[in-house]
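Colleague: Would you be able to build a 3D model of this:
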Amino acid sequence: MNKTIKHILKGILFVVIAIVVIFLCIRTYYKFFNSNDADLTTEETDILLLSQTYPTTFYFIGDTIPLDKSITTKNITVDEVSNITTSKKEWAMLVINDLNDDLPIREEQWKNIVDTVQNNSHINCMYLGNSDWDVMEKQGYFSGKEDLDDTDLSMGLIHQKTSVINTLGMLKADDDPDDLPALLLHEQAYDLQTSRT
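Modeller: Residues are numbered from 1 along each chain as shown. Below you'll find the predicted structure:
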């Protein structure tokens, strides 16, 4: 009889240990492999992408636009653009904030901006404003003004796979200025995702 009780206790102990192991395996799986990305907003997803998947530093010329605290931002002058560097797994978004039409950027500085972006596939650029389009076009930031209108307040110089393209329409004159931080984050996240797939 004593032997039977020992076998029953061993069996019960085995079942309890098996249940605990199964429970821990399920918890571990859900913690590490089943993320709740479906529950995230677009802005939260963009923030995760730009802080973890594609670590991006936003460099601002002109007024800084406040971004989420997990995103790295730096203020620079137009003469410091050529000092922007990225490693193999880091990216940069140069934001030229000329919405107040108060940034005196000379032609040779625009040329330096264009050269810096075109020669580093990890740097994108977004110009906010519309007062410098003539000099920007002259220095190769874009070609052809036929697609532009006075309501456009943004133009990107963006890397897409092996090309550098222009993007328009991220910001229009009638857009809510409070949406600008989310628009900048989304533009960079979208561009990085599509150029890396």
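Colleague: buried set for whatever helix or strand residue 135 lives in?
Modeller: Element membership for residue 135, per DSSP states H and E: helix 133-138. Residues of helix 133-138 classed as buried by neighbour count (16 or more other Cβ atoms under 10 Å): 133, 136, 137. No exception for glycine: its C-beta is placed from N, CA and C like everyone else's.
Colleague: Which one of these is nearest to residue 105?
Modeller: The closest of the buried residues of helix 133-138 to residue 105 turns out to be residue 136 (Cβ to Cβ; 8.8 Å).
Colleague: And the closest residue in space to that closest one that isn't next to it in sequence, how close does it get to residue 71?
Modeller: Spatial nearest neighbour of residue 136, excluding adjacent residues (Cβ to Cβ, 6 or more residues apart in numbering): residue 110 at 5.9 Å. Residue 110 sits 26 Å away from residue 71, going by Cβ to Cβ, to the nearest Å.
Colleague: circling back: with just CA atoms, put the helix holding residue 135 into CSV.
Modeller: Provided in CSV are the C-alpha atoms of helix 133-138 (Å, rounded to 0.1, in the frame of the first residue of the first chain):
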residue,chain,number,x,y,z
TRP,A,133,11.3,76.8,-54.4
ASP,A,134,13.1,78.8,-57.1
VAL,A,135,16.6,78.4,-55.6
MET,A,136,15.8,74.8,-54.6
GLU,A,137,14.9,73.9,-58.1
LYS,A,138,18.0,75.7,-59.4
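Colleague: Thank you, goodbye.
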